[in-house]
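Q: please find the sequence and the predicted model below.
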Amino acid sequence: MSKYSLIERWRFWLDCQLSRGTSVLLILLAAAVVVSLVVVTIAIIVAGAVPSNDMTVIDTMWTVFAYMYDPTSVSYKEGVWAYRVLLLIASLVGVVVLSTLIGIITTSFDSLIEKLRKGKSPVILTGHTILLGWSDQIFILLNELIIANEYHPNNAVVILADKDKVEMEDEIRARISNRNGTRIICRSGSPIDRTDLEIVRPQASRSIIITPSDSGENLDSMVIKCMLAILKGTAQKLVEN
(Lines give C-alpha, C1' and ligand atoms only; values in the text may rest on other atoms or scores of the structure.)
Protein backbone atom coordinates (compact mmCIF):
# COMPACT_ATOMS: atom_id res chain seq x y z
CA MET A 1 0.00 0.00 0.00
CA SER A 2 1.35 3.43 -0.93
CA LYS A 3 2.32 5.73 1.91
CA TYR A 4 1.25 8.82 -0.08
CA SER A 5 -2.26 10.10 0.42
CA LEU A 6 -4.65 11.07 -2.34
CA ILE A 7 -4.15 14.78 -1.58
CA GLU A 8 -0.37 14.43 -1.88
CA ARG A 9 -0.74 12.61 -5.19
CA TRP A 10 -3.10 15.34 -6.43
CA ARG A 11 -0.66 18.06 -5.38
CA PHE A 12 2.18 16.27 -7.18
CA TRP A 13 0.08 15.92 -10.35
CA LEU A 14 -0.93 19.59 -10.19
CA ASP A 15 2.70 20.66 -9.67
CA CYS A 16 3.75 18.66 -12.75
CA GLN A 17 0.99 20.24 -14.83
CA LEU A 18 1.74 23.79 -13.70
CA SER A 19 5.43 23.38 -14.53
CA ARG A 20 4.58 22.64 -18.18
CA GLY A 21 3.92 26.28 -19.04
CA THR A 22 1.29 28.92 -19.66
CA SER A 23 -0.78 26.90 -22.14
CA VAL A 24 -1.45 24.18 -19.57
CA LEU A 25 -2.46 26.79 -16.98
CA LEU A 26 -4.97 28.28 -19.40
CA ILE A 27 -6.39 24.83 -20.15
CA LEU A 28 -6.77 24.11 -16.43
CA LEU A 29 -8.53 27.44 -15.90
CA ALA A 30 -10.89 26.76 -18.80
CA ALA A 31 -11.63 23.31 -17.36
CA ALA A 32 -12.32 24.85 -13.94
CA VAL A 33 -14.78 27.31 -15.49
CA VAL A 34 -16.61 24.56 -17.41
CA VAL A 35 -16.82 22.25 -14.39
CA SER A 36 -18.03 25.07 -12.12
CA LEU A 37 -20.57 26.15 -14.70
CA VAL A 38 -21.98 22.66 -15.12
CA VAL A 39 -22.05 21.89 -11.37
CA VAL A 40 -23.82 25.13 -10.42
CA THR A 41 -26.32 24.76 -13.27
CA ILE A 42 -27.16 21.20 -12.26
CA ALA A 43 -27.47 22.27 -8.61
CA ILE A 44 -29.93 25.03 -9.57
CA ILE A 45 -32.07 22.63 -11.61
CA VAL A 46 -32.02 19.85 -8.97
CA ALA A 47 -32.90 22.30 -6.18
CA GLY A 48 -35.79 23.63 -8.23
CA ALA A 49 -34.37 27.13 -7.90
CA VAL A 50 -34.79 28.18 -11.54
CA PRO A 51 -36.37 31.66 -11.27
CA SER A 52 -38.62 31.25 -14.32
CA ASN A 53 -40.35 28.32 -15.95
CA ASP A 54 -39.52 29.78 -19.33
CA MET A 55 -35.76 29.41 -18.73
CA THR A 56 -34.15 26.46 -20.52
CA VAL A 57 -31.00 24.67 -19.38
CA ILE A 58 -28.96 26.78 -21.81
CA ASP A 59 -30.53 29.97 -20.43
CA THR A 60 -29.70 28.91 -16.89
CA MET A 61 -26.12 28.03 -17.83
CA TRP A 62 -25.67 31.39 -19.59
CA THR A 63 -27.06 33.22 -16.55
CA VAL A 64 -24.57 31.43 -14.29
CA PHE A 65 -21.69 32.21 -16.67
CA ALA A 66 -22.68 35.89 -16.88
CA TYR A 67 -22.95 36.12 -13.11
CA MET A 68 -19.48 34.59 -12.66
CA TYR A 69 -17.87 37.64 -14.26
CA ASP A 70 -20.55 40.32 -13.85
CA PRO A 71 -22.64 39.93 -10.66
CA THR A 72 -24.66 43.02 -11.57
CA SER A 73 -26.12 41.23 -14.60
CA VAL A 74 -28.67 39.36 -12.42
CA SER A 75 -31.10 41.11 -10.09
CA TYR A 76 -31.12 40.00 -6.45
CA LYS A 77 -34.92 40.11 -6.58
CA GLU A 78 -34.98 37.17 -8.98
CA GLY A 79 -35.21 33.59 -7.70
CA VAL A 80 -35.31 32.03 -4.27
CA TRP A 81 -32.46 32.15 -1.76
CA ALA A 82 -31.01 28.85 -2.99
CA TYR A 83 -30.67 30.42 -6.43
CA ARG A 84 -28.94 33.49 -5.01
CA VAL A 85 -26.54 31.43 -2.91
CA LEU A 86 -25.55 29.25 -5.88
CA LEU A 87 -24.95 32.34 -8.00
CA LEU A 88 -22.83 33.77 -5.18
CA ILE A 89 -20.70 30.61 -5.25
CA ALA A 90 -20.39 30.97 -9.02
CA SER A 91 -19.28 34.59 -8.63
CA LEU A 92 -16.57 33.57 -6.11
CA VAL A 93 -15.27 30.99 -8.57
CA GLY A 94 -15.27 33.68 -11.25
CA VAL A 95 -13.24 36.04 -9.05
CA VAL A 96 -10.63 33.33 -8.41
CA VAL A 97 -10.41 32.34 -12.08
CA LEU A 98 -10.23 35.94 -13.30
CA SER A 99 -7.55 36.84 -10.74
CA THR A 100 -5.50 33.79 -11.73
CA LEU A 101 -5.90 34.64 -15.41
CA ILE A 102 -4.64 38.18 -14.84
CA GLY A 103 -1.67 36.78 -12.91
CA ILE A 104 -0.85 34.35 -15.73
CA ILE A 105 -1.03 37.08 -18.37
CA THR A 106 1.14 39.40 -16.28
CA THR A 107 3.73 36.67 -15.65
CA SER A 108 3.82 35.71 -19.32
CA PHE A 109 4.27 39.34 -20.35
CA ASP A 110 7.09 39.79 -17.84
CA SER A 111 8.77 36.62 -19.13
CA LEU A 112 8.50 37.90 -22.69
CA ILE A 113 10.06 41.24 -21.74
CA GLU A 114 12.85 39.45 -19.86
CA LYS A 115 13.52 37.21 -22.86
CA LEU A 116 13.72 40.24 -25.14
CA ARG A 117 16.02 41.98 -22.66
CA LYS A 118 18.37 38.99 -22.61
CA GLY A 119 18.68 39.14 -26.39
CA LYS A 120 17.60 35.60 -27.19
CA SER A 121 14.94 36.37 -29.80
CA PRO A 122 15.83 35.45 -33.41
CA VAL A 123 16.82 38.11 -35.93
CA ILE A 124 14.46 38.16 -38.91
CA LEU A 125 16.76 39.80 -41.46
CA THR A 126 18.53 39.03 -44.72
CA GLY A 127 21.63 40.61 -46.20
CA HIS A 128 22.87 41.83 -42.83
CA THR A 129 26.43 41.94 -41.52
CA ILE A 130 27.27 39.81 -38.47
CA LEU A 131 29.94 40.65 -35.92
CA LEU A 132 30.91 37.69 -33.75
CA GLY A 133 32.60 38.47 -30.45
CA TRP A 134 33.08 41.61 -28.40
CA SER A 135 36.13 43.79 -27.77
CA ASP A 136 37.17 47.44 -27.93
CA GLN A 137 37.92 46.96 -31.63
CA ILE A 138 34.24 46.46 -32.35
CA PHE A 139 33.61 50.21 -32.23
CA ILE A 140 36.18 50.76 -34.98
CA LEU A 141 34.48 48.09 -37.08
CA LEU A 142 31.06 49.61 -36.47
CA ASN A 143 32.24 53.05 -37.53
CA GLU A 144 33.74 51.61 -40.73
CA LEU A 145 30.55 49.71 -41.50
CA ILE A 146 28.45 52.81 -40.89
CA ILE A 147 30.61 54.78 -43.34
CA ALA A 148 30.39 51.95 -45.89
CA ASN A 149 26.60 51.84 -45.56
CA GLU A 150 26.19 55.62 -45.75
CA TYR A 151 24.62 55.47 -49.21
CA HIS A 152 22.75 52.23 -48.52
CA PRO A 153 20.17 53.04 -45.81
CA ASN A 154 18.31 50.41 -43.81
CA ASN A 155 21.32 48.11 -43.68
CA ALA A 156 21.77 46.23 -40.43
CA VAL A 157 24.71 45.08 -38.35
CA VAL A 158 24.01 42.25 -35.91
CA ILE A 159 26.37 41.61 -33.01
CA LEU A 160 26.49 38.23 -31.27
CA ALA A 161 28.68 38.15 -28.19
CA ASP A 162 28.86 36.44 -24.83
CA LYS A 163 27.84 39.66 -23.09
CA ASP A 164 24.64 41.16 -21.70
CA LYS A 165 22.51 42.71 -24.45
CA VAL A 166 21.67 45.84 -22.46
CA GLU A 167 25.34 46.46 -21.62
CA MET A 168 26.33 46.18 -25.28
CA GLU A 169 23.60 48.58 -26.35
CA ASP A 170 24.59 51.09 -23.66
CA GLU A 171 28.25 51.02 -24.68
CA ILE A 172 27.41 51.40 -28.37
CA ARG A 173 25.04 54.28 -27.62
CA ALA A 174 27.77 56.01 -25.60
CA ARG A 175 30.52 55.54 -28.22
CA ILE A 176 28.59 55.86 -31.49
CA SER A 177 26.15 58.74 -31.81
CA ASN A 178 25.59 59.01 -35.58
CA ARG A 179 24.61 55.77 -37.32
CA ASN A 180 23.52 57.24 -40.68
CA GLY A 181 20.54 54.89 -40.98
CA THR A 182 22.48 51.73 -40.12
CA ARG A 183 20.65 49.56 -37.61
CA ILE A 184 22.79 47.96 -34.91
CA ILE A 185 21.19 44.94 -33.27
CA CYS A 186 22.71 43.12 -30.30
CA ARG A 187 22.14 39.53 -29.27
CA SER A 188 23.60 37.63 -26.32
CA GLY A 189 25.13 34.23 -26.95
CA SER A 190 28.30 32.33 -27.63
CA PRO A 191 29.68 32.79 -31.18
CA ILE A 192 30.91 29.19 -31.13
CA ASP A 193 27.59 27.72 -30.03
CA ARG A 194 25.56 26.44 -32.97
CA THR A 195 22.23 27.12 -31.23
CA ASP A 196 23.17 30.72 -30.41
CA LEU A 197 24.42 31.27 -33.95
CA GLU A 198 20.98 30.42 -35.31
CA ILE A 199 19.65 33.52 -33.54
CA VAL A 200 21.52 35.80 -35.95
CA ARG A 201 20.84 33.67 -39.06
CA PRO A 202 24.36 33.42 -40.53
CA GLN A 203 23.04 31.62 -43.64
CA ALA A 204 21.00 34.71 -44.59
CA SER A 205 23.73 37.25 -43.86
CA ARG A 206 25.82 39.17 -46.38
CA SER A 207 29.07 38.88 -44.45
CA ILE A 208 30.43 37.62 -41.14
CA ILE A 209 33.26 39.31 -39.24
CA ILE A 210 34.92 37.58 -36.30
CA THR A 211 36.49 39.89 -33.74
CA PRO A 212 39.02 38.93 -31.04
CA SER A 213 37.49 38.39 -27.64
CA ASP A 214 38.32 40.35 -24.49
CA SER A 215 39.00 37.03 -22.76
CA GLY A 216 42.38 36.86 -24.50
CA GLU A 217 41.54 33.80 -26.59
CA ASN A 218 43.70 33.35 -29.68
CA LEU A 219 41.96 34.85 -32.71
CA ASP A 220 42.91 31.96 -35.01
CA SER A 221 41.43 29.48 -32.54
CA MET A 222 38.23 31.51 -32.25
CA VAL A 223 37.93 31.82 -36.05
CA ILE A 224 38.24 28.06 -36.46
CA LYS A 225 35.64 27.36 -33.76
CA CYS A 226 33.19 29.89 -35.22
CA MET A 227 33.63 28.53 -38.75
CA LEU A 228 33.06 24.97 -37.57
CA ALA A 229 29.90 26.00 -35.72
CA ILE A 230 28.60 27.86 -38.80
CA LEU A 231 29.40 24.97 -41.14
CA LYS A 232 27.75 22.45 -38.83
CA GLY A 233 24.64 24.60 -38.66
CA THR A 234 24.57 24.94 -42.47
CA ALA A 235 25.04 21.21 -42.95
CA GLN A 236 22.22 20.44 -40.52
CA LYS A 237 19.87 22.84 -42.37
CA LEU A 238 20.69 21.10 -45.69
CA VAL A 239 19.96 17.70 -44.16
CA GLU A 240 16.64 18.91 -42.71
CA ASN A 241 15.59 20.36 -46.05
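A: Cool, got the structure. Numbering: from 1, shown residues only.

Q: tell me the centre residue of the chain?
A: L112 (4.1 Å; Cα atoms, centre = their mean).

Q: so who does that residue touch?
A: Not one residue lies near L112 by Cβ atoms under 8 Å, 6 or more residues apart in numbering. From N, CA and C alone the C-beta is placed, and that goes for glycine too.

Q: quick thing: my sequence starts at 57, can you match it?
A: Okay, residue one is now 57; in that scheme the one you just asked about reads as L168.

Q: and it, how close does it get to L216?
A: 21 Å (Cβ to Cβ, to the nearest Å).

Q: could you measure from the residue of the chain most remote from its centre over to Y139?
A: Most distant residue from the mean C-alpha position of the chain: N109, 48.5 Å away (Cα atoms, centre = their mean). Applying Cβ to Cβ, the value for N109 to Y139 is 13 Å.

Q: ditto for L157
A: Look at L157 and Y139: by Cβ to Cβ, they are 26 Å apart.

Q: the more surrounded of the two?
A: Comparing L157 with Y139 by other Cβ atoms under 10 Å, the one with more neighbours is Y139, at 20 against 15.

Q: now that one: which helix or strand?
A: According to DSSP states H and E, Y139 maps onto helix 137-174.

Q: what does the very next helix or strand once past that helix rub up against?
A: Counting by DSSP H and E, the next helix or strand C-terminal to helix 137-174 is strand 185-188. With Cβ under 8 Å, 6+ apart as the test, strand 185-188 has contacts from 194, 197-198, 201, 211-217, 247, 256, 258, 261-267, 282.

Q: give the pairing partners of strand 185-188; include direction for each.
A: strand 212-217 (parallel), strand 263-266 (parallel) (DSSP bridges).

Q: compare those and give me the one nearest V113.
A: Judged by Cβ to Cβ, the one of the strands paired with strand 185-188 that comes nearest to V113 is strand 212-217, at 59.1 Å.

Q: quick check: mean pLDDT of that closest one?
A: Across strand 212-217, the average pLDDT comes to 92.

Q: who's in contact with that strand?
A: 179, 181, 184-190, 194, 198, 201, 224, 238-245, 247, 252-253, 255-256, 261.

Q: how does it look with 7 Å?
A: Identification of contacts with strand 212-217 by Cβ atoms under 7 Å, 6 or more residues apart in numbering yields 179, 181, 184-190, 198, 201, 224, 238-243, 245, 247, 252, 255-256.
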